[in-house]
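> How does the following fold in three dimensions:
(one chain, ligands or ions: 1)
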Amino acid sequence: MPVLRRVGERFAAEAPLAGLTVACCLHVTAETASLVRALRAGGAEVALAAANPLSTQDDVAAALAAEDGVEVHATRGTDLAAYAEGIAAVAARAPAVALDDGADLIERLHADGAAEALLGASEETTTGLVRLRALDAAGGLRCAVVAVNEALAERAFNDRYGTGQSTLDGILRATNTLLAGRTLVVLGYGWTGRGVAERARGAGASVVVCEVDPVRALEARMQGFEVMPSLAAAERGDVFVTVTGSRAVLGRAHFERMKDGAILANAGHFDVEIDLAALRELAGGSGREVRPLVEQFDVRGRRLHLLAQGRVVNLAAAEGHPAAVMDLSFALQALVVEALAREPGALAPGVHPVPAAIDREVARLKLEALGVEIDVPTPEQESYRGSWGTSS
Ligand SMILES: NC(=O)c1ccc[n+]([C@@H]2O[C@H](COP(=O)([O-])OP(=O)(O)OC[C@H]3O[C@@H](n4cnc5c(N)ncnc54)[C@H](O)[C@@H]3O)[C@@H](O)[C@H]2O)c1
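Okay, here's the model as predicted:
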């Protein structure tokens, strides 16, 4: 993670986070450990809880606790009660900054009356931002939240390339299916859905896109994907990937139409995109595990395969985003924490974009790490672009 390493080296020299307590609710992976180390290099105290019970890498959690003295609350496969306890424990540290992935930590800080005391928070995922904007609209948001997920460096790389590749990786690891020659249905053509669709096409699958937004549906069509309603796609697909941020986008009517052997995976943040209750009801109870993380349901003589209990498949069945994309996301996070620390009170309660300068800095550091040089506009070009009404 060369970008984060460069940020961490500067932090070690400048200590911009000295005396700051940072509470994190993030997927506990090796990449997150690098972020935690960069924050600690900058002088911060860090407490870390898992953002998903199935995504924790236990060896990483143990190493952070033992080698870095970080308070870690994360065990792979833990139940929801222990998950909530972990978040409560890091919230109880009265942090100055919160780094969240899904908004559960920020929600907890609000419940504890500790949100006003934050210099600010950052949110890593679309679903978290939807929740926080709803809270803001209802007048309940008590802290500044920086929408890291919407930074261009994050959108363009993390969601499209990171989620796209790792979602397919999760499906392949869990099932060892061959994508070439199969039909893969992507439900939701946002940044993440686009990535899944492109990579599946690259692996030889015929890709069908289902959308509710006409602009995105048109974009998918013009990218060369088939676009159709989900009920029609249900009859066509061999593999289904939900990535909408909505709920029950695959439900009873879809299951009833699916082919024998269909594979169902979710890459959306919450495990509500595939209607599990309807699936169990239709199959007359739980499925049976035919491979690790693959549950087979008998729906009127047809076998439907649910991956990872409908949870984020790229984290539950694979290793999440590759380090190279998390490098950008977490460099953004680290620079946002620094900006909050250097300018306390600069942001009012509400949801704020990542400052463009941070976006550019992360992209600049990444290009530097890749050994890619780019042009710099000449003074004449700068002045031309900044002037009004001239064609000379
Ligand atoms: N697994 C991961 O690592 C990972 C990474 C990034 C985002 N996410 C999650 O993926 C989900 C989508 O994120 P995004 O950034 O692509 O969001 P987005 O808002 O850009 O895209 C979601 C798309 O789904 C469409 N949609 C909504 N309801 C639908 C329905 N019923 N049927 C078909 N399409 C529908 C929307 O119109 C939109 O185009 C969120 O839950 C987000 O948190 C997961």
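> Val336 against Val145, yeah?
No. Between Val336 and Val145 there is no contact under C-beta atoms under 8 Å: 10.2 Å. Just so you know, the C-beta spots here come from the backbone N, C-alpha and C atoms, and that holds for glycine as well.
> Please compare these two by neighbour count and tell me which comes out ahead.
Val145 (27 against 23; other C-beta atoms under 10 Å).
> Confirm that one sits in a helix?
No. Counting by DSSP: H, G, I helix; E, B strand; the rest coil, Val145 falls outside a helix, being strand.
> if I pick Arg194, what's in contact with it?
Taking C-beta atoms under 8 Å, 6 or more residues apart in numbering, we find Arg194 in contact with 160, 164, 220, 223.
> For it, which three-state class applies?
Arg194 - assigned by three-state DSSP - is helix.
> if we can go back for a sec, shared neighbours of Val336 and Val145, anything?
120, 122.
> Any figure for the gap between the residue of the chain found nearest the ligand and Leu340?
Here the residue of the chain nearest the ligand is Gly190; by C-beta to the nearest ligand atom that distance is 1.9 Å. Distance, Gly190 to Leu340, using C-beta to C-beta, to the nearest Å: 27 Å.
> More neighbours: these two, which one.
Leu340 (24 against 19).
> Check which helix or strand the more buried one maps to.
Counting by DSSP states H and E, the element that carries Leu340 is helix 323-342.
> Mind checking the pLDDT average for that helix?
Averaged over helix 323-342, pLDDT sits at 94.
> List the buried residues for it?
Neighbour counts over helix 323-342 (16 or more other C-beta atoms under 10 Å) mark 323-341 as buried.
> Same check on stretch 74-83?
Across stretch 74-83, burial judged by 16+ other C-beta under 10 Å covers 74-76, 78, 83.
> so how far is that stretch from its chain's centroid?
Averaged C-alpha coordinates place stretch 74-83 at 19 Å from its chain's average position (C-alpha atoms, centre = their mean, to the nearest Å).
> Give me the neighbour count for Met228.
With other C-beta under 10 Å as criterion, Met228 counts 17.
> What of Gly181?
9.
> which SS class is it?
Gly181 ends up coil, using three-state DSSP.
> so how far is Val312 from the closest residue to it other than its chain neighbours?
Among residues not flanking Gly181 along the chain, Gly204 sits closest, at 6.4 Å (C-beta to C-beta, 6 or more residues apart in numbering). From Gly204 over to Val312 the distance is 24 Å, taken as C-beta to C-beta.
> out of the two, which sits in the more crowded spot?
Just comparing Gly204 and Val312: by other C-beta under 10 Å the higher neighbour count belongs to Val312, 29 against 12.
> can you tell me which residues contact the more buried one?
Here Val312 is in contact with 52, 54-55, 266-269, 271 (C-beta under 8 Å, 6+ apart).
> hmm, stretch 169-188 in reach of the ligand?
Yes. Stretch 169-188 is in contact with the ligand by C-beta under 6 Å from any ligand atom, via 187-188.
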